[in-house]
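Q: any chance you could fold what I've pasted below:
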Amino acid sequence: MTIKLKSRAAAVSLITLGLAIATGFAPMISSRLMAQETTSGITIFGGLAPENRLAYSIDRNRPNSPNARYYLRVASNKLPREVLEMEITYPETFLGQFNVENIELRQGRYRGDSVIPIDDVVWDEANRRIEIYPSEPIPARTNLVVVVSNVQNPRRFGVHYFNLKMMYQGDVIRQYAGTWPLEVAAE
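A: Modelled structure (predicted):
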């Protein structure tokens, strides 16, 4: 009998916590406590599958910041073959601005180390897409960071799903590689 009551109490506590977060108590948490590093965390209702979630971090992540910098990481397991081109798409809800002159690829982890030369970056604003064409194929099993500097952040906080597709050596179309669930304008 007491085991059933404890289980029921735990379930009620979990539901109450979920409702508190969903009804708006979450904004009362200091923005300094909100992590900009993505972790696997706990997803109660829906969300991205862990194998599709890509890590990121954002510098100067304030609302309407004219110089935010996004570090969009791609783990080496997402590059099973050489990469010929990349495409990043973002939702209509993202009302920020990019500067293609300030987009670069880096090899390495976290913020990246060595710069990977790029032939061209195309920002198709109408279709909410950024295409990146490296000068040479990016080797398979490379840790990669897409660095997007001087981003004009939107005026309001939001979670925006940026999707990555890559053209691998031997393919004729870009393949989905993962999604960055960016918490933009969080500070």
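Q: so residue 71 touches residue 60, yeah?
A: No. Here residue 71 lies out of contact with residue 60, judged by C-beta atoms under 8 Å, at a distance of 11.9 Å. (Each C-beta comes from the backbone N, C-alpha and C, glycine too.)
Q: distance of the residue nearest to residue 100 when sequence neighbours are not counted from residue 127?
A: Nearest in space to residue 100, with sequence neighbours left out and distances taken as C-beta to C-beta, 6 or more residues apart in numbering, is residue 121 at 4.3 Å. Here residue 121 is placed at a distance of 15 Å from residue 127 (C-beta to C-beta, to the nearest Å).
Q: which one's more surrounded, these two?
A: Counted by other C-beta atoms under 10 Å, residue 121 and residue 127 do not tie: residue 121 has more neighbours, with 19 against 7.
Q: mind listing what that one touches?
A: Residues touching residue 121, when contacts are defined by C-beta atoms under 8 Å, 6 or more residues apart in numbering, comprise 100, 103, 130-133.
Q: wait, a strand at it?
A: Yes. In this structure, residue 121 lies within a strand as judged by DSSP: H, G, I helix; E, B strand; the rest coil.
Q: checking my notes, residue 77 in a helix, right?
A: Yes. Residue 77: assigned to a helix according to three-state DSSP.
Q: what number of residues lie near it?
A: Count around residue 77 with other C-beta under 10 Å applied: 10.
Q: C-terminal to the lowest-mean-pLDDT helix or strand in the chain, what's the next element?
A: Using mean pLDDT, DSSP states H and E, helix 2-20 stands out as the lowest-scoring helix or strand of the chain, at a mean of 53. If you walk from helix 2-20 toward the C-terminus, the next helix or strand you reach (DSSP states H and E) is strand 56-59.
Q: follow-up on the earlier one: wait, which of the contacts of residue 121 is closest to residue 177?
A: For residue 177, the closest of the contacts of residue 121 turns out to be residue 132, at 12.6 Å, with distances computed as C-beta to C-beta.
Q: now that closest one, nearest residue through space, not along the chain?
A: With C-beta to C-beta, 6+ apart as the measure, residue 86 is the residue that lies nearest to residue 132, at 4.4 Å, once sequence neighbours are left out.
Q: just the element for the one you found, please.
A: Counting by DSSP H and E, the secondary-structure element that holds residue 86 is strand 83-89.
Q: who are the packing partners of that strand?
A: The elements that strand 83-89 packs onto, with contact taken as 3 or more C-beta pairs under 8 Å, 6 or more residues apart in numbering; DSSP states H and E, are strand 129-134, strand 144-151, strand 158-168.
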